[in-house]
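Trainee: Pasting a predicted model and its sequence here:
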Amino acid sequence: MMDSIRGLLQGAGDPFDNDPLAIGGALPQEGPVDPRKAEKEPFQSKLDGYPEEFIIRDKQEVLTELLSRFESADDYRKPYEEVALRNFSLYRTQRREAIEGRSNLHIPRMYEQIDTLRSRIYKSVFSQRPYINFIPKVKATTTLEDYEDSTRKADIASALVDMQLENTGIRVKGYDFITSYLLAPIAILGVGWRYDEKLVKRKQTKTELILDPFGHVMVDETGSPVIQTRVEVAEQREVAMDDNEVININFFDFWLDPKGECLDTSRYVFHREWLTREDIEEKLIVMTAAHEGEGQAFSVDWDKVGSSDGLEEGREASRDEVGLSGEDDDEKDQRLRMYEVLNYWEDERYSMIINRKELAYDGPNPYWRHSSKPFSIATYEPIPNEVYGMSAAEIVSDLQEEINTHRNQRIDNVALALNKMYSILRDADVDESELVSRPGGVVRVDDHDDIRELRTTDVTSSSYTEEQIVKMDMENTLGVPSVVRGVDSTRQETATEIVTKSSNAGIRFDVKIMLFEAMGLTRLAKLMDMNNQQFIDDDRLIRLVGEEGIEDWRLVGPDEIVGEFDYRPAGPSVDPAANKELRRNQLIQVYELAMRTQNPYFNIYELSKELLESFDLRNTDKLLNSKEEVEQEQMEAMLKQQMMQEQMAAQQAQQGQGLPPEAMVGQVPGGLSEQAMAQALMDASR
């Protein structure tokens, strides 16, 4: 029977070769169907018309095949786990096998390189808001009116996503994401929609009438009822969150399809969470309610699920590498016990497995607006046709090992040179305790040939040279010379050399930041925007920032964020440190040109604002007069100058007629007094 279904699905264009799991869960039951959802579920439409017994899958059969997929993805990832563990240990204080009497230091050179790259990327991505700009898509049939309407919607949608990113703590999560990007073969962000309700206790003020012993309302002298006020604590259920949620996912909690070349071409992915039983049951309720009649929730045998001990292989190994292994979760309280939940995702399907023993849910992807896996991944150095790439740490890991070796060997060499060893004849009468170096020490011998010093060659000078070569190799490999890291160079360099190094490093960084934005941030913005269009069904108060930097709060409806947009990170796709001085000098030159030529096409206000901001000054608006203030001052200056010119002309005319100068006081041509001129100035200022 299943072979017949497989053949039918292959004829319809099944995305998996000979894979019956592509059919998903049960057929939808009779009843109204959301047309938006139907359009986004092509695999479900392929099942229409087939008998129900061909569609509903046996729970154990589905579980077996999903676990088979997981084992395949896990086997494919294992070599990369070893790379990630090594990178992690070299980034942190590596736990090495200690030998008594030998140096066992870890030199944080890799941390210095990684921290430099991380700081530059972070500054470039999160230095401007909104973090991501939305640009309306233009089609051949788009009219000017449609474009203006789409532009307005794009600004609103961008402001909404920007607020959500800030509310979800993107600055901290973004820092962790960039760290994973530089250390692990891939870095992963998860994007979902979270709805939480909580019982909240609040103080409330209540007023009530005072009754006399007979139950009558008491009144005061004026006949008004006597009222008393009291404060009580009331408990009520409130919506704690109904918004996009962004999470940073550990490399060891994510598995990709071995046949995929990127996230979009991967047929499936697995994402691991650790949840309590209560969290799992609440999640099942939400999934069942969201896809009534389409998804299939299974009863969970919690006795069969058992303990999750031994399932944290990667996470435990990463802590063990640096000597931070923790205890297994043997929590006796069932409310607090954590279970491994494997979330299986396709573009059109979602399943949930608990502790790799029980299938809890199988149904359509709940995110029908974007109909894709709700994740965004990035890798520092992509490998063509490979889903896992190379991290910055992996590229210089051998060099970090070499630095550790050189430093420890040099320390051992100095220690051996200071703590000398001796050769003694077997039959010599020498007290070995006297060989220990000490001030004023004496070694008594019968013959000076009975004992000889074993000389240790000093190799520290050559070791210093070798270490400098390794450090230079690391700088050249990652493009982070000393001038970019903000430290002094190990050798004298000319200004031309410094500028050349900074420029070359900036070019390499520009390429990396553009790749980072294309792989990680653009998809992140798309997923969040699509979720907003799907889940927001009421008015929202959104903060819009105008061209002058003035904030404007506006209440917008769900229809005002619906559209098709392109997504462009707002941060500069260039190294901010390497280009800041250059940009400032360019602005100064343009400003001088504008003031010298008095070209009316220059916007002096905006140019002045950009120039001040290039000095990293905050609240530049306080340092600049507004356009209205500047125009008012210019008008007043022009009127004063005109008044002075007219007074001088009047004086010259009166002097020509032989009138004394005091006759001109308070008069100007045209019969206007000084008071009238002052009134004219006030009117002009308005």
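Mentor: Sure thing, it's come through. Note that the structure is a prediction, hence the values are computed from the model and not measured. Numbers count the residues shown, from 1 in each chain.

Trainee: how near is the residue nearest to the spatial centre of the chain to G506?
Mentor: The chain has G174 as the residue nearest its centroid, 2.2 Å off, counting by C-alpha atoms, centre = their mean. As judged by C-beta to C-beta, to the nearest Å, G174 and G506 stand 22 Å apart. Every residue, glycine included, has its C-beta placed from N, CA and C.

Trainee: what do you get for Q296?
Mentor: Taking C-beta to C-beta, one finds Q296 at 54 Å from G506.

Trainee: right, and I188 touches I249 too?
Mentor: Yes. With contact defined as C-beta atoms under 8 Å, I188 reaches I249; the gap is 4.0 Å.

Trainee: which regions of the stretch 501-650 of the chain sit below the pLDDT cut-off?
Mentor: Filtered on pLDDT under 70, the stretch 501-650 of the chain yields the residue ranges 501-505, 546-551, 571-582, 616-621.

Trainee: which residues of it fall in strands?
Mentor: Using DSSP state E, counting those that start in this stretch, the strands of the stretch 501-650 of the chain run over 540-545, 551-556, 565-569.

Trainee: I'd like to check the angle between the second one and strand 540-545, please.
Mentor: Strand 551-556 runs at 150 degrees relative to strand 540-545, counting by axes from the mean of the first three to the mean of the last three C-alpha atoms, to 10 degrees.

Trainee: Pull up the pairing partners for strand 551-556, direction included.
Mentor: strand 540-545 (antiparallel) (DSSP bridges).

Trainee: which residues are in contact with the strand it pairs with?
Mentor: Contact with strand 540-545 is made by 129-130, 155-156, 159-160, 163, 551-556, as judged by C-beta atoms under 8 Å, 6 or more residues apart in numbering.

Trainee: In the residues you listed, find the pair that's most separated.
Mentor: Distance extremes for the contacts of strand 540-545: the farthest pair is R129 and L555 at 20.9 Å, using C-beta to C-beta.

Trainee: more crowded one of the two?
Mentor: R129 (14 against 9; other C-beta atoms under 10 Å).

Trainee: so who does A84 touch?
Mentor: The contact partners of A84, taken as C-beta under 8 Å, 6+ apart, are L183, A184, P185, F251, F252, G314, S318, S391.

Trainee: Tabulate those residues in a markdown table, adding columns for neighbour count and pLDDT.
Mentor: Below are those laid out as a markdown table (neighbours: other C-beta atoms under 10 Å; pLDDT from 0 to 100):
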| residue | neighbour count | pLDDT |
| --- | --- | --- |
| L183 | 23 | 95 |
| A184 | 28 | 95 |
| P185 | 26 | 96 |
| F251 | 24 | 95 |
| F252 | 19 | 94 |
| G314 | 19 | 64 |
| S318 | 23 | 71 |
| S391 | 27 | 95 |
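
Trainee: In which helix or strand does the residue nearest to the centre of the chain reside?
Mentor: Using DSSP states H and E, G174 sits within helix 170-183.

Trainee: okay, that helix in PDB with CA atoms only?
Mentor: The C-alpha trace of helix 170-183 is given here as PDB (Å, rounded to 0.1, in the frame of the first residue of the first chain):
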ATOM      1  CA  ILE A 170      19.100  41.700  19.800                       C
ATOM      2  CA  ARG A 171      22.100  43.600  21.000                       C
ATOM      3  CA  VAL A 172      23.100  40.800  23.400                       C
ATOM      4  CA  LYS A 173      21.800  38.000  21.200                       C
ATOM      5  CA  GLY A 174      23.500  39.500  18.200                       C
ATOM      6  CA  TYR A 175      26.800  39.500  20.100                       C
ATOM      7  CA  ASP A 176      26.400  35.800  20.900                       C
ATOM      8  CA  PHE A 177      25.400  35.100  17.200                       C
ATOM      9  CA  ILE A 178      28.600  36.800  15.900                       C
ATOM     10  CA  THR A 179      30.700  34.900  18.500                       C
ATOM     11  CA  SER A 180      29.200  31.600  17.200                       C
ATOM     12  CA  TYR A 181      29.800  32.900  13.600                       C
ATOM     13  CA  LEU A 182      33.500  33.200  14.300                       C
ATOM     14  CA  LEU A 183      33.900  30.000  16.300                       C
END
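
Trainee: Mind giving me the packing neighbours of it?
Mentor: Counting contacts by 3 or more C-beta pairs under 8 Å, 6 or more residues apart in numbering; DSSP states H and E, helix 170-183 packs against helix 59-91, helix 109-126, strand 187-209, strand 227-249, helix 392-395.

Trainee: so what's the residue nearest to I561 when sequence neighbours are not counted scoring on pLDDT?
Mentor: Spatial nearest neighbour of I561, chain neighbours left out: A157 (4.6 Å); criterion: C-beta to C-beta, 6 or more residues apart in numbering. Listed pLDDT for A157 reads 94.

Trainee: re earlier: can you check which of the strands of the stretch 501-650 of the chain gets nearest to S266?
Mentor: Of all the strands of the stretch 501-650 of the chain, strand 565-569 comes closest under C-beta to C-beta, at 21.1 Å.

Trainee: Tell me the strands beside the closest one, with direction?
Mentor: strand 132-136 (antiparallel).

Trainee: Mind telling me what element V341 is part of?
Mentor: strand 338-345.

Trainee: Show the average pLDDT along the following helix or strand past that strand.
Mentor: Note on strand 338-345: by DSSP H and E, the next helix or strand toward the C-terminus is strand 349-354. Strand 349-354 comes out with an average pLDDT of 95.

Trainee: what is the orientation angle of strand 349-354 with strand 338-345?
Mentor: Going by the same axes, to 10 degrees, strand 349-354 makes 160 degrees with strand 338-345.

Trainee: Neighbours of L284, how many?
Mentor: Neighbour tally, L284, other C-beta under 10 Å: 18.

Trainee: which ones are touching the closest residue to it other than its chain neighbours?
Mentor: Excluding the flanking residues, the one nearest L284 by C-beta to C-beta, 6+ apart is A297, at 5.3 Å. A297 makes contacts with L284, M287, T288, A360, Y361, G363, as judged by C-beta under 8 Å, 6+ apart.

Trainee: Look up how far P258 lies from P79.
Mentor: 12 Å.
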